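Asks: Quick one, what's the 3D model for this:
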Amino acid sequence: MHPILFRIPLPKTPLKLWWGMALIAAIALVYVLLGIRKKDRTTAGIAAVVAIGAGVVGKVYSATEWKAENLPIYSYGVMLGLSLVVGWYLTLTLAERDGLPKETMANCYVITAIAAIVGSRILYIATNIDEFRVDVHDTNSAVDFASFFALRRGGLVAYGGFLGGFLGSWLYLRPHGIRLMPWADVAVPSLASGLLVTRIGCYLFGCDFGKPLPENAPAWLAKLGTFPHWPKDTLDAGGTGSPAWDKHLKSFAGAKHDELLKLDHAFPVHPTQIYESLVGLLLLILLLWQRKHQKFRGQIFFLFTFAYGYLRFIIEFVRDDVERGEIGTFALHRFIGVTLLIFALAFTFGISLGITKKNIRNAARVVSFVPAIVAFIWLMPPKFGDTVPYHPSTSQWIGLLSAVICSIAYASFWEQARKTPKLAMSLETLGEVSVKKEKTEDDDEEDKPKRKKKKKRAKPVEDKPSESTEAEAEAEADEKASEETKAAEEDESEDEAEEKAEEKPAAGEKKKTEAEDEDADEKEDA
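Replies: You can find the predicted model right below:
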């Protein structure tokens, strides 16, 4: 394992804490000016708060300085930075595909990342306050507040990051008129990739290790789970070796203690960092696949929250680091049986609705109850009174609660999507910004013909006709009038001719009738 990748030589002049705070304040002020220029009050306001906060911290701790021959670059810090870069490109790519405003999403990602780091750090400090004392071996020693900012050595809790990022996203998006669920759908794949990358940093550092492996464990697994005894003063915070080595050195006594010193490395443990890194890879593949079959906004977020909560809950049973924090004491077989049963019910009435094929959905529901039944029977003690106590970690409680809440929300959103499938994935579900944008584009298309007509009508008014043009127009009007008069006279002459033609036969018949009458009279006289 390599907790420190390399070291950067430093000048002999001590480094002041307020220098870093001044740099942060300067960057924040740049964002304030950009926000004012673009009339983005939210960005300007948040940046102003960051600038003021950095200024206050720099002022309060202006005397704090750090002097060393070199600056160690920790593996965890490098992996954390790499995960943020990967998440940036992944999130913005998915946001652009979903029709979210790219610039707003870029700013939201920065705010979310900062809020996630702050949230994860706060939860870690709250559960491990003794690590931040002036004398870490004395629980009554004063708290060293400057150590709160020493993120290079790790000390972050994943669930604290999720909660902090969720809150930061909501606070930023609300004034922009963008709903939280569409953003959450494009952001959670970056959380999965973050697990994949940052847990490798945990592995290199040696934190978040698991319980000792059984003696019959595979050789390759035992090799992965063997953490070394580092040379003295490898870390500034002290310690005689990797976190697993320190834990075993304090936990084991007698022959085991002597064996540990001879081995010069910790006993093989579960490499839970690798387990969770693989969980991140699995979730990333699952979420990207689910996006192709998404039915409503928020479906990707709910799926991730439930799946990670369940898998993290299982991994916690083989975790052995003390930094997790513990709440309550229960009988092991009952706690595992009941909690896995709750997960199965949440899956059955919530997440399983996303499986469209009925046969597969029913089979998955039945299978979800198997772990609860098997765990309860397998872990049940031979005698009723011989129960094994178990102390659930903070992450287990958060994972269970978040999974249940998301399953209920999943079922509700699914029912709405079933009734109105087009609306569940339409642009209107993105928020007010998208709806306004869509209406504006439609209005512009409707106004285009009107604008063209106005231009055509306006041309004669704008162009003043000359005297020659008026004369030509009058001549054309007279010519047209004469032609119409001539045509009317021709029509009248044609009508008279037709009337005369009709009168001629009538006169001939009259003469013929009179002639016949005269002939008849002459015959009578004769």
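Asks: where does this structure dip in pLDDT?
Replies: Scanning the chain for pLDDT under 70 picks out the ranges 1, 134, 136-138, 146-147, 149-154, 232-241, 322-324, 384-385, 433-526.
Asks: Contacts for stretch 209-224, please.
Replies: With C-beta atoms under 8 Å, 6 or more residues apart in numbering as the test, stretch 209-224 has contacts from 225, 227, 242-244, 247-248, 266-275, 318-321. From N, CA and C alone the C-beta is placed, and that goes for glycine too.
Asks: Let's see that with 6 Å instead.
Replies: Applying C-beta atoms under 6 Å, 6 or more residues apart in numbering, the contact partners of stretch 209-224 are 225, 244, 267-272, 318-321.
Asks: for stretch 330-340, same thing?
Replies: With C-beta under 6 Å, 6+ apart as the test, stretch 330-340 has contacts from 371-372, 375-376, 379-380, 387-388, 390, 400.
Asks: Of those, keep whichever come out buried.
Replies: 371-372, 375-376, 379-380, 390, 400 (16 or more other C-beta atoms under 10 Å).
Asks: Can you give me the buried ones in the helix or strand residue 400 falls within?
Replies: Using DSSP states H and E, residue 400 maps to helix 394-419. By 16+ other C-beta under 10 Å, the buried positions in helix 394-419 come out as 394-400, 402-407, 409-411, 413-414, 417.
Asks: can you give me the strands in the stretch 51-200 of the chain?
Replies: Assigned by DSSP state E, counting those that start in this stretch, the strands in the stretch 51-200 of the chain fall at 65-66, 70-74.
Asks: Residue 395 contacts residue 158, correct?
Replies: No: between residue 395 and residue 158 no contact is recorded; they are 7.4 Å apart, counting by C-beta atoms under 6 Å.
Asks: ok, back up a step: restricted to helices, list the contacts of stretch 209-224.
Replies: Using DSSP state H, the members of the contacts of stretch 209-224 that fall in helices are 244, 272.
Asks: Could you say which helix or strand holds residue 6?
Replies: According to DSSP H and E, residue 6 maps onto strand 4-9.
Asks: could you list every residue that touches residue 92?
Replies: residue 105.
Asks: roughly how far apart are it and residue 104?
Replies: Plainly put, residue 92 is 11 Å away from residue 104 if you go by C-beta to C-beta, to the nearest Å.
Asks: Who are the contact partners of the spatially most central residue of the chain?
Replies: The residue lying closest to the centre of the chain (C-alpha atoms, centre = their mean) is residue 187, at 2.1 Å. By C-beta under 6 Å, 6+ apart, the contact set of residue 187 is residue 91.
Asks: now do 7 Å
Replies: 91, 112 (C-beta atoms under 7 Å, 6 or more residues apart in numbering).
Asks: cool, residue 139 as well?
Replies: Contacts of residue 139 by C-beta under 7 Å, 6+ apart are residue 130.
Asks: Next, residue 206: phi, psi?
Replies: phi 100, psi 0 (degrees, to the nearest 10).
Asks: top of the contacts of stretch 209-224 by neighbour count?
Replies: residue 244 (27 neighbours; other C-beta atoms under 10 Å).
Asks: Now do it against residue 127, distance only.
Replies: Going from residue 244 to residue 127 by C-beta to C-beta gives 19 Å.
Asks: so which of the buried ones among the contacts of stretch 330-340 comes closest to residue 80?
Replies: Nearest to residue 80 out of the buried ones among the contacts of stretch 330-340 is residue 400 (C-beta to C-beta; 26.7 Å).
Asks: Setting the sequence-adjacent residues aside, check what's closest to that closest one.
Replies: Using C-beta to C-beta, 6 or more residues apart in numbering and skipping residues adjacent in sequence, the residue nearest residue 400 is residue 339, 5.8 Å away.
Asks: Can you say which helix or strand has that neighbour in it?
Replies: Following DSSP H and E, the helix or strand that holds residue 339 is helix 332-349.
Asks: swap in residue 315?
Replies: Short version, using DSSP H and E: residue 315 is in helix 299-315.
Asks: ok, residues contacting that helix?
Replies: Contact with helix 299-315 is made by 181, 184-185, 188, 191-192, 272, 275-276, 279, 283, 286-287, 290-291, 294, 343, 351, 354, 395-396, 399-400, 402-403, 406-407, 409-410, 413, as judged by C-beta under 7 Å, 6+ apart.
Asks: what's the answer for stretch 395-414, then?
Replies: 159, 296, 298-299, 302, 305-306, 309-310, 312-313, 316, 324, 327, 339, 342-343, 346-347, 349-351, 353.
Asks: Now do the contacts for residue 286.
Replies: Residue 286 makes contact with residue 307 under the criterion C-beta under 7 Å, 6+ apart.
Asks: ok, 6 Å please
Replies: By C-beta under 6 Å, 6+ apart, residue 286 has no neighbours at all.
Asks: Next: residue 350.
Replies: 407, 410-411.
Asks: Save these as JSON lines, and put in distance to residue 429 too.
Replies: Formatted as JSON lines, the contacts of residue 350 follow (distance: C-beta to C-beta, whole Å):
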{"residue": "407", "distance to residue 429": "21"}
{"residue": "410", "distance to residue 429": "15"}
{"residue": "411", "distance to residue 429": "18"}
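Asks: of these, closest to residue 144?
Replies: residue 407 (41.9 Å).
Asks: For that closest one, which non-adjacent residue is closest in space?
Replies: Looking at residue 407 with C-beta to C-beta, 6+ apart, the closest residue is residue 350, at 2.9 Å.
Asks: Quick check on the one you found: phi, psi?
Replies: When read as degrees, to the nearest 10, the backbone of residue 350 gives phi -130, psi -80.
Asks: can you check residue 297 too?
Replies: Backbone torsions for residue 297, taken as degrees, to the nearest 10, come to phi -70, psi 130.
Asks: Relative to residue 52, how far out is the residue lying closest to residue 119 once chain neighbours are set aside?
Replies: Of all residues not flanking residue 119 in the chain, residue 164 sits nearest, at 1.7 Å (C-beta to C-beta, 6+ apart). The spacing between residue 164 and residue 52, counted by C-beta to C-beta, is 20 Å.
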